[in-house]
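Trainee: sequence first, then the predicted structure:
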Amino acid sequence: MSSRVHLIAAARPNFMKVAPLYHALAADPGFDPAVVHTGQHYDANMSDAILADLRVPPPAHHLGIGSGSHAEQTGGVMIAYEKVAMADRPDWIVVVGDVNSTAACAMVGAKLGIRTVHLEAGLRSRDRTMPEEINRLVTDAISDVLWTPSPDADENLAAEGVPAEKVTRVGNIMLDSFEMVRPQIELERRGFAAGLPERYGVVTLHRPSNVDDPAQLQQLCTALVALQHELPLVFPVHPRTRQRLEAANLWSMLEAAGIRLIEPVPYIRFMSLVIGAAAVVTDSGGVQEETTYLGIPCLTLRPNTERPVTVTEGTNRLTRPEILLADVRAALQPGLNGHRRPEHWDGQTARRCVEDLKRRG
Ligand code: UD1
């Protein structure tokens, strides 16, 4: 009998982590994977279009939770997923990343006594004002197996007293998604990017600490306008950010400066923008990793990162609105971007995950 595995997908950054594992499990007769979509993200380009880009069939279960406060979202996912997990009784539950649904489903699994795996375990920003840091701490504390992307994650777990046998370093699974559809990304670049300037930067912003505080958002927008004069910017705007920009009357300021404000784009289109970019300005976690993999300068508008390997080994640097322009100029200096890819960031992570599940029986 094959082992039934629930793969929990909830929000945009989860889909590129679930897809390669789904394919690797589906190709192995020992496993019967099922994607469970909690519905935390529901806009087509934030959700279904990404799954379609990555050739994942429609989810076996859709919980339809949607937006809400942290407690509403986390509690809603727990109530809905508990019913599915009790009815379906999977052998394994795999939760990914650090969103509210990750912690919610890990709690359900732990309490039902279903073995639970956290993919992307051990990352720590040590900033408990970030909702994701709370989700990471909770999820790692109660999961049975911890799949880590980098040695710093292993060290964080060891320092928290996690037994070594729970931890397997599998690498960065998002890059498996990139390699899986690289030809389509390159094709899309020739089409979609044809209308873009020869040299451009990509911007993404959605962290509450950046977009929910109007003073911080104003400062950020001023910095982006200054940067736009030197490097034309393309900015796919997250729905949360759009609401905040419109409420603060900043949308029109960015538009008047010539910044290309576009809807959020699905995975292949987004990566086609990134591979052609001179630099990326972001507060996303995943984008810090993708740019390190691709050797593209990344300026991260945050005081800390739970992905330090992108700074020590990759192309990432932390920045602030006041110094963004100077930092982008420095990052664009030729020859300054000596970097390497962290170990196991090689498109083979899903295979290592499947091997680890088999080993654990
Ligand atoms: C969530 C994750 C964050 C992740 C991000 C990626 C948590 C705590 N946060 O933040 O870690 O980096 O996803 O995007 O889990 N909205 C839509 N359509 C959608 C989704 C959201 O319009 O498909 C709007 C809603 O108004 C919602 C707001 O965006 O209230 C924020 O969405 P939410 O899922 O609460 O958090 P994110 O900011 O997306």
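Mentor: It's in. Numbers count the residues shown, from 1 in each chain.
Trainee: which element follows the worst-scoring helix or strand of the chain on mean pLDDT toward the C-terminus?
Mentor: For the chain, counting by mean pLDDT, DSSP states H and E, helix 182-192 ranks last in confidence among helices and strands (a mean of 92). Sequence-wise, the next helix or strand downstream of helix 182-192 (DSSP states H and E) is strand 201-204.
Trainee: off-centre distance for stretch 326-345?
Mentor: Mean-position distance between stretch 326-345 and its chain equals 20 Å (C-alpha atoms, centre = their mean, to the nearest Å).
Trainee: I meant stretch 256-269, not that one.
Mentor: Using C-alpha atoms, centre = their mean, the offset of stretch 256-269 from its chain centre is 18 Å.
Trainee: how about stretch 51-69?
Mentor: 15 Å.
Trainee: and the least confident helix or strand of the chain, what other elements does it pack with?
Mentor: Helix 182-192 makes packing contacts with helix 267-275 when contacts are defined by 3 or more C-beta pairs under 8 Å, 6 or more residues apart in numbering; DSSP states H and E. The C-beta positions use only the backbone N, C-alpha and C, and glycine is treated the same way.
Trainee: can you do 10 Å?
Mentor: Other elements packing on helix 182-192 under the criterion 3 or more C-beta pairs under 10 Å, 6 or more residues apart in numbering; DSSP states H and E are helix 48-53, helix 267-275.
Trainee: ranking the ones you listed by burial, who's on top?
Mentor: Ranked by mean neighbour count, the helices and strands packed on helix 182-192 are led by helix 267-275 with a mean of 22 (mean count of other C-beta atoms under 10 Å).
Trainee: list the contacts of the least confident helix or strand of the chain.
Mentor: Helix 182-192 has contacts (C-beta atoms under 10 Å, 6 or more residues apart in numbering) with 53, 178-179, 181, 196, 265-276, 347.
Trainee: ok, now with 8 Å
Mentor: Residues from elsewhere that reach helix 182-192 (C-beta atoms under 8 Å, 6 or more residues apart in numbering): 53, 178, 268, 269, 271, 272, 273, 275, 276.
Trainee: the fifth one contacts residue 290, correct?
Mentor: Yes. Contact between residue 271 and residue 290 holds when scored by C-beta atoms under 8 Å: they sit 7.1 Å apart.
Trainee: so what sits against both of these two?
Mentor: Jointly contacting residue 271 and residue 290 under the rule C-beta under 8 Å, 6+ apart are residue 178.
Trainee: for the stretch 151-300 of the chain, which residues are neighbours of the ligand?
Mentor: Contact residues, the stretch 151-300 of the chain versus the ligand (C-beta under 6 Å from any ligand atom): 206, 238, 239, 240.
Trainee: could I have the helix or strand hosting residue 235 exported to CSV, CA atoms only?
Mentor: Assigned by DSSP H and E, residue 235 falls within strand 233-236. Provided in CSV are the C-alpha atoms of strand 233-236 (Å, rounded to 0.1, in the frame of the first residue of the first chain):
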residue,chain,number,x,y,z
LEU,A,233,11.1,49.9,-12.3
VAL,A,234,8.4,47.2,-12.9
PHE,A,235,6.3,46.7,-9.8
PRO,A,236,3.8,43.8,-9.6
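Trainee: list the buried residues of whichever helix or strand comes after it.
Mentor: Remark: after strand 233-236, the chain's next helix or strand is helix 239-247, criterion DSSP H and E. By neighbour count on 16 or more other C-beta atoms under 10 Å, the buried set for helix 239-247 is 239, 241, 242, 244, 245.
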